[in-house]
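>>> please find the sequence and the predicted model below.
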4 protein chains.
Amino acid sequence: MNVGFIGLGNMGRAMAARLLTAGHALRVWNRSSEPARQLAGQGAQVMATAREACDAEVVLSILSDDRVVREVLLGAALPAARAGIVHVNMATISPQLSDELAARLGEAGCGYIAAPVLGRPDVAAAGKLNILAAGAAADLERVQPLLDVIGQRTWRFGERPAQANVAKLAVNFLLAAAIESMGEAAALAGGYGIEPARLFELIGQTLFPGPVYQGYGRVIAESRFEPAGFRARLGLKDVRLALAAAEAVNTPMPVGSWVRDSMLEALSRGEGEKEFGAVLGRAAMRRGGR
Amino acid sequence: MNVGFIGLGNMGRAMAARLLTAGHALRVWNRSSEPARQLAGQGAQVMATAREACDAEVVLSILSDDRVVREVLLGAALPAARAGIVHVNMATISPQLSDELAARLGEAGCGYIAAPVLGRPDVAAAGKLNILAAGAAADLERVQPLLDVIGQRTWRFGERPAQANVAKLAVNFLLAAAIESMGEAAALAGGYGIEPARLFELIGQTLFPGPVYQGYGRVIAESRFEPAGFRARLGLKDVRLALAAAEAVNTPMPVGSWVRDSMLEALSRGEGEKEFGAVLGRAAMRRGGR
Amino acid sequence: MNVGFIGLGNMGRAMAARLLTAGHALRVWNRSSEPARQLAGQGAQVMATAREACDAEVVLSILSDDRVVREVLLGAALPAARAGIVHVNMATISPQLSDELAARLGEAGCGYIAAPVLGRPDVAAAGKLNILAAGAAADLERVQPLLDVIGQRTWRFGERPAQANVAKLAVNFLLAAAIESMGEAAALAGGYGIEPARLFELIGQTLFPGPVYQGYGRVIAESRFEPAGFRARLGLKDVRLALAAAEAVNTPMPVGSWVRDSMLEALSRGEGEKEFGAVLGRAAMRRGGR
Amino acid sequence: MNVGFIGLGNMGRAMAARLLTAGHALRVWNRSSEPARQLAGQGAQVMATAREACDAEVVLSILSDDRVVREVLLGAALPAARAGIVHVNMATISPQLSDELAARLGEAGCGYIAAPVLGRPDVAAAGKLNILAAGAAADLERVQPLLDVIGQRTWRFGERPAQANVAKLAVNFLLAAAIESMGEAAALAGGYGIEPARLFELIGQTLFPGPVYQGYGRVIAESRFEPAGFRARLGLKDVRLALAAAEAVNTPMPVGSWVRDSMLEALSRGEGEKEFGAVLGRAAMRRGGR
């Protein structure tokens, strides 16, 4: 398939490489040119503008946030999209922006699929992402072969693209809530001389298996503020998006509100660029002499 | 081994039956006599008082809460305990009461092990409980053969018995926090027309596998207020114990505080006898028209 | 003085009338024309556009919110402002928008004073408002004679106009926090058969005199959802502005977060157009059978 | 009247002195003897035991907390009370203990009035306290002449003595909530370079007059951790009593819960003996670089 691909960060690069390997023709664009040059060696055609990358049957993009999506896609690339293409937006953005993109593309006779993903770059490179997708069924069918190259499974969340964005924000909220809760539990345990690592070993092997409690359990127990696999201020950004999406439908999320408050305090202490799990988890241990 | 066994609720009965099957001699006592009669048919010796059940090498007990432990053990049975016995207390009680029991038994020349468990009656019947244990190493060694009959694994949390109680409260807090968080996430998703069940299916099969998110996910999604496998007011009781234990070491647990507040509101609506997971999870969905 | 006046809602009309009475020449503009016609009878010159109203020495405006200020002032009127005028913005807006206005007007050689007020229309009509003002001292001196006609006192908050907006948001947050607290106290008292009115009488005449506790005490005790002197969704709007302003400087406000959450739940029940004090205060009484 | 008086702390001494001056005969008792000796010089009869102080028509007491009331009154003095006396308990205690005292005294044919007060020792010395009273109307009538010597006004809260205790806890909660709110507002203002003192000056002279906002405003703005007019851990104690009283009637108080959490963190930092207003207010300013 002729595929446009916009956004070649760590995630985008891994996805694009898989699509090339699977035999698709890619027109790629990225704000900085180095990542595009790397993909050129794998057969991608490097475009000078995002607009040119849109000259394809399907355009995938994975940009960093609402602001960049608004600037690159709404402001530059999409107004030039030909009728009939389908745009697949894999970024974690607000449902409001997704609604806006869907409306704009619909007016231009194009399809729009929101398809944010669960998984980090190594998972993307292995084609093992979980993809959360929503949009018109026919559009989704058309791009499914591409999604199957990138992910191990596509989870469909409805006909309105924003629904996939909301599902992603709900998952990221659950991640943050679990980290906060682990921190509070560790603070309680620590008050009685129990090592957090011991508590997390217990829960990770009994009631709470899986990557979140086990992985972040280690991050919190060892105070691994570096490396910042996922930076604190980006973690806060996603919690903010979840709260804003909830606010738009008059829905309170008290645990989300508290996580936001705790993260603001951490950021005011200069911890914004450190690892989210360590920052939030340790902040939850609000006792002196720890 | 000659074993005294006090407290034959659903959990206690299942444990006692396993000990009998494994060949131990049991002197059992229970407040109401029916459960004891059942065990008599399996070979247990039924005692008229808790005090008589203590005439053994090791005394296991699993009573419902601090009040009953205080009344039955501190007030009646233990003052009569012979020097040299080890008492294994498997109830979910406060660390403060555990400290008090340890001191009292220590003065009487007896050992004290706190050994609360993770798992429900069917798990107990299968000998698959996870046991959280703390106390003097020598005492623990002595009772380990009994624990091996009851549980699949014993997790040790230190020399002070209260540490096992705190570990148990930390786990139960995490359970409640996960339910609250799932409810909030479902409320967000529901605001955009996503079924809670769909969201929980996604998380249960990706980032949050295991019995809590999967099991309670179904309970919340289906609003299964009945049957009350774990009643709401008992769930609140454990959160209160966790908060009180944390307060005693000047440790705030904001998510715990909020869960307590949400549960109080639910109880004021008369939901105290319904299933904890459904009550807390649905209470977290604070939107009109749900 | 030749004064432009933009925004003739209940507050604006009362202020403009005072300025006319004091002998100032007013060029007024309002989105709907009826309020302007009323002022014409008192001597005001009614302009067809906001831009024309800006042809004056000083331009006062009191518009409803960020969106309208952005549209009317930034988008239409101010780009045409002549160098040398001073604009006095009396609306409750975000400090970020105030910063933006200050920058834009500064580039055009104009002064900018933020001057939100405390008080309702009847207070404005009596010239008894408290004015919270910030901006360059020279600009403030120049407009002080006008402020003296409108208010009983001007409280200065610094050279950066946004500071006055922040002070106003802090006051409105304190108002909301007091209402929430009164509701919680009344819920506690109510649980023991004490009438909220009796509790509020006590505090209003002892530790908490003044208009907030006394006035809102009555509103809460009597569940006066109507008339909506200050609508619930506008109360929520101000709390949101306070939280956003705090977030911009990495400052958590946990009581503010909770008030926001409680208000969202109330709005989801359809209470957005009712009186803020009654909506928030009664929402804080989270007990069944009340 | 023949009056027994138990508890001669700063408050008790001031009250007892006023009663002596008004011509009443006092049998006084205090745990430590020095304060009693002082009052002897003013005409009081010093008793060796609390029990002997109860040999009077009316017995007033003002002890420090539930534990001491339970020990001195329930455990020692009251079992010996003659039928027909009325006991007036002016301490800030739990409604549950008040109910218990009322029941015990009722069985003994005695009356029981709960009458906690608002005001500090200097206010007590001037006879200007506000007294919150509840109990049987006939008993209250009988002791009213004594209350009139001590206070400027008696506020009646019903026939059940515990109601007065709840009203007092509600007032103390409102005090704590106001301090927390002022701290959050000051944090917001401080993020934009506004001095807390300036903000508090504004609110104290406009919307929030009265001793709480003005007095604690100064305490917070000046970080007056000393002298501890009201110690932080006693402030926390009263918030705990309010939360426990609310919990007993299934009533959540989210602002109360947060104040408790914030205070626990402060106590874990060793601030328990400092001034409550400064500790809580400054804790609410959760920003780095403050």
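Arrived safely, thanks for sending.
>>> list the contacts of A:V58.
Shown in contact with A:V58 (Cβ atoms under 8 Å, 6 or more residues apart in numbering or on different chains): A:M1, A:N2, A:V3, A:G4, A:I85, A:V86, A:H87, A:V88, A:R142, A:V143, A:L146. For every residue, glycine as well, the C-beta is placed using N, CA and C.
>>> whoops, A:Q214 was the one
Contacts of A:Q214 (Cβ under 8 Å, 6+ apart): A:F200, A:G204, A:F208.
>>> got a PyMOL select line for the buried ones in these?
Per 16 or more other Cβ atoms under 10 Å in any protein chain shown, the buried members of the contacts of A:Q214 correspond to this PyMOL selection:
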select buried, chain A and resi 200+204+208
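>>> can you narrow the contacts of A:Q214 down to the ones near chain B?
Near chain B, taking Cβ under 8 Å from any Cβ of the partner chain as the test, the members of the contacts of A:Q214 found are A:F208.
>>> mind listing which of the contacts of A:Q214 are in helices?
A:F200, A:G204 (DSSP state H).
>>> what about the helices in the stretch 101-250 of chain A?
Assigned by DSSP state H, counting those that start in this stretch, the helices in the stretch 101-250 of chain A fall at A:121-125, A:137-150, A:162-190, A:196-205, A:211, A:217-221, A:232-248.
>>> not counting residues beside it along the chain, what's closest to the residue of the stretch 101-250 of chain A found nearest chain C?
The nearest approach of the stretch 101-250 of chain A to chain C comes at A:N250, 3.8 Å away (Cβ to the nearest Cβ). Spatially, and ignoring its direct neighbours in sequence, A:N250 is nearest to C:S268 (3.8 Å; Cβ to Cβ, 6 or more residues apart in numbering or on different chains).
>>> again, but for A:W29
Nearest non-adjacent residue to A:W29, counting by Cβ to Cβ, 6+ apart: A:A53, 4.0 Å away.
>>> would you confirm that the one you found contacts A:N30?
No: between A:A53 and A:N30 there is no contact under Cβ atoms under 8 Å: 9.3 Å.
>>> write out the residues of chain A neighbouring chain C.
A:246-247, A:249-254, A:257-258, A:260-262, A:264-265, A:267-268.
>>> how about a cut-off of 10 Å?
A:233, A:236, A:240, A:243, A:246-254, A:256-258, A:260-270, A:272 (Cβ under 10 Å from any Cβ of the partner chain).
>>> buried subset of the residues you listed?
A:233, A:236, A:240, A:243, A:246-254, A:256-258, A:260-268, A:272.
>>> so what's the residue nearest to A:W29 up against?
A:3-7, A:26-30, A:36, A:45-47, A:59-61, A:77 (Cβ atoms under 10 Å, 6 or more residues apart in numbering or on different chains).
>>> kindly recompute the last result at 7 Å.
A:G4, A:F5, A:I6, A:R27, A:V28, A:W29, A:M47, A:V59, A:A77 (Cβ atoms under 7 Å, 6 or more residues apart in numbering or on different chains).
>>> quick one: which of these is nearest B:D122?
Using Cβ to Cβ, A:F5 comes nearest to B:D122 of the contacts of A:A53, at 51.7 Å.
>>> A:M182: what's it in contact with?
A:F200, A:Y213, A:Y216, A:G217, A:I220, A:G281.
>>> widest-spaced pair of those?
Counting by Cβ to Cβ, the most remote pair of those is A:Y213 and A:G281, 11.2 Å apart.
>>> for A:L60, which non-adjacent residue is spatially closest?
Leaving aside its sequence neighbours, A:L60 sits nearest to A:V88 (Cβ to Cβ, 6+ apart; 4.7 Å).
>>> what's in contact with the strand or helix carrying the one you found?
A:V88 belongs to strand A:86-89 when elements are defined using DSSP states H and E. Contacts to strand A:86-89, defined as Cβ under 7 Å, 6+ apart, come from residues A:58-61, A:78, A:101, A:105, A:110-115, A:139, A:142-143.
>>> can I get it in PDB? Just the C-alpha atoms.
Only the C-alpha atoms of strand A:86-89 are listed here, as PDB (Å, rounded to 0.1, in the frame of the first residue of the first chain):
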ATOM      1  CA  VAL A  86      -7.800   7.500   5.400                       C
ATOM      2  CA  HIS A  87      -5.800   9.200   8.200                       C
ATOM      3  CA  VAL A  88      -4.700   7.000  11.100                       C
ATOM      4  CA  ASN A  89      -3.700   9.100  14.100                       C
END
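>>> so how far is it off the chain centroid?
Centroid displacement of strand A:86-89 relative to its chain, using Cα atoms, centre = their mean, to the nearest Å, is 16 Å.
>>> what pairs with it, and is each one parallel or antiparallel?
strand A:58-61 (parallel), strand A:111-114 (parallel) (DSSP bridges).
>>> list the buried residues of the last one.
Counting neighbours by 16+ other Cβ under 10 Å, one finds that the buried residues in strand A:111-114 are A:G111, A:Y112, A:I113, A:A114.
>>> show me the contact partners of that strand.
Contacts of strand A:111-114 (Cβ under 7 Å, 6+ apart): A:86-89, A:98, A:101-102, A:105, A:133-136, A:139-140, A:143, A:161-162, A:164-165.
>>> again, 8 Å this time
Taking Cβ under 8 Å, 6+ apart as the rule, strand A:111-114 contacts A:85-89, A:93, A:98, A:101-102, A:105-106, A:133-136, A:138-140, A:142-143, A:161-165.
>>> first-to-last residue distance for stretch A:209-223?
For stretch A:209-223, the separation between the terminal residues is 20 Å (Cα to Cα, to the nearest Å).
>>> would you agree A:G204 is in contact with A:Y216?
No: the criterion here is Cβ under 8 Å, and A:G204 misses it with A:Y216 at 9.9 Å.
>>> now do the shared contacts for those two.
Common contacts of A:G204 and A:Y216 (Cβ under 8 Å, 6+ apart): none found.
>>> which one is A:I131 nearest to, not counting chain neighbours?
Of all residues not flanking A:I131 in the chain, A:G151 sits nearest, at 4.0 Å (Cβ to Cβ, 6+ apart).
>>> all good on my end, thank you.
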